[in-house]
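Asks: what would the 3D arrangement of this be:
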Amino acid sequence: MVAARGAEESTAWRQPGDLVALCEESTSELADLLAAGCGSRDWSGHAALAQELLGDDPARIVDALREAIRAGAAPADLGQSLAYAAALRVAHFGNANEHADWETAHHVFTYANAAHQMLTRIGTANIDAHVTAVRGVLHGAMALYLARYLNVPPARIPGDGGEGLDDLPADQLTIGVALLNAFDRQRQVDFAARLVARHLKLGHSPPALIATLVHAVLREDAGFHAYQMLEAGVRQFGAWGNTAEGRHILIAVGRYLAAHFPTERAALQTADVARRLMRGGELHQETVGDPN
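Replies: As a prediction, this is how the structure comes out:
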């Protein structure tokens with residue numbers, strides 16, 4: 001534990017620009033803006049701010065946060081924009097990246113979701129918590145900035161820009177079956193994303209789609225990251241609702257799960273053996289017969 005190092009101590013946070021210093025310099029200023037009560041007005045620039053947070057200039061990213069606060073954004077608003085921007089990192093994750101890079105995108109998204117949930121609980125009443133809250137948003141924004149290489153080149157989000165998905169099934173049940181079948185095979189990231197987009201673009205039930213994603217996770221030997229991604233995606237979809245942004249978030253979840261499925265699916269067999277033993281059953285029974 002003594003030898004542990006934080007991400008902010010790595011070279012990427014210090015070179016070529018000192019992101020740690022930028023965060024430290026900006027924290028008090030942004031916190032003062034929040035404490036002044038700028039978040040008391042209604043603000044609806046979440047999607048626009050998310051696009052600014054995906055930029056390639058860290059100073060401009062901080063400026064965008066500053067401008068949003070002046071326009072009336074509360075801490076929870078900043079967190080929601082950050083979480084959506086991080087979801088877009090996953091939705092645009094390029095297939096040319098190494099498989100392990102999925103976890104970099106995953107960590108930024110789940111961190112941003114956790115920050116958003118925390119900021120929502122804090123609300124605007126606890127002014128003393130604003131400094132910590134702003135620091136969390138700044139660190140998340142810089143982590144998002146450092147992960148920009150994951151979207152070079154960006155994968156296309158199906159259904160955007162008038163892209164037709166008419167080659168896919170239209171029935172809700174058939175789409176669900178096709179999505180589960182896609183999770184049964186490797187290298188189905190883009191196809192799974194298209195099925196998720198098809199389901200939502202046709203106006204089918206979002207809870208039905210979420211149930212299919214849950215089913216897909218539960219039948220696999222899923223690790224903690226898969227559950228984190230699913231939980232964060234569902235929470236963020238709840239924040240955005242059945243909108244274009246909400247669709248992008250569930251597409252991001254579908255792409256991440258498809259990149260990690262199928263697994264060996266041995267956990268069900270292990271649970272079945274344990275259940276039989278608990279009920280007094282035997283794993284096997286030797287047949288004793290006459291050797292002659």
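
Asks: low-confidence ranges, the stretch 101-250 of the chain, go.
Replies: Where the stretch 101-250 of the chain drops to pLDDT under 70, the residues are 124-129.

Asks: at 80 what do you get?
Replies: Applying pLDDT under 80 to the stretch 101-250 of the chain flags the ranges 123-131, 162-164.

Asks: which neighbouring elements make contact with the helix or strand harbouring residue 142?
Replies: Using DSSP states H and E, residue 142 falls within helix 130-146. The criterion is 3 or more Cβ pairs under 8 Å, 6 or more residues apart in numbering; DSSP states H and E, and the helices and strands that helix 130-146 contacts are helix 11-14, helix 19-35, helix 46-53, helix 58-70, helix 75-91, helix 101-122. All C-beta atoms are positioned from the backbone trio N, CA, C, and that covers glycine.

Asks: now tabulate the ones you listed in JSON lines and tack on mean neighbour count and distance to residue 174.
Replies: Shown next, in JSON lines, are the helices and strands packed on helix 130-146 (neighbours: other Cβ atoms under 10 Å; distance: least, Cβ to Cβ, whole Å):
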{"stretch": "helix 11-14", "mean neighbour count": "13", "distance to residue 174": "45"}
{"stretch": "helix 19-35", "mean neighbour count": "17", "distance to residue 174": "47"}
{"stretch": "helix 46-53", "mean neighbour count": "19", "distance to residue 174": "32"}
{"stretch": "helix 58-70", "mean neighbour count": "18", "distance to residue 174": "42"}
{"stretch": "helix 75-91", "mean neighbour count": "28", "distance to residue 174": "24"}
{"stretch": "helix 101-122", "mean neighbour count": "21", "distance to residue 174": "28"}
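
Asks: nearest to residue 196, of those helices?
Replies: Checking those against residue 196 by Cβ to Cβ gives helix 75-91 as the closest, at 10.1 Å.

Asks: for that closest one, the distance to its chain's centre please.
Replies: Mean-position distance between helix 75-91 and its chain equals 9 Å (Cα atoms, centre = their mean, to the nearest Å).

Asks: all set now, cheers.
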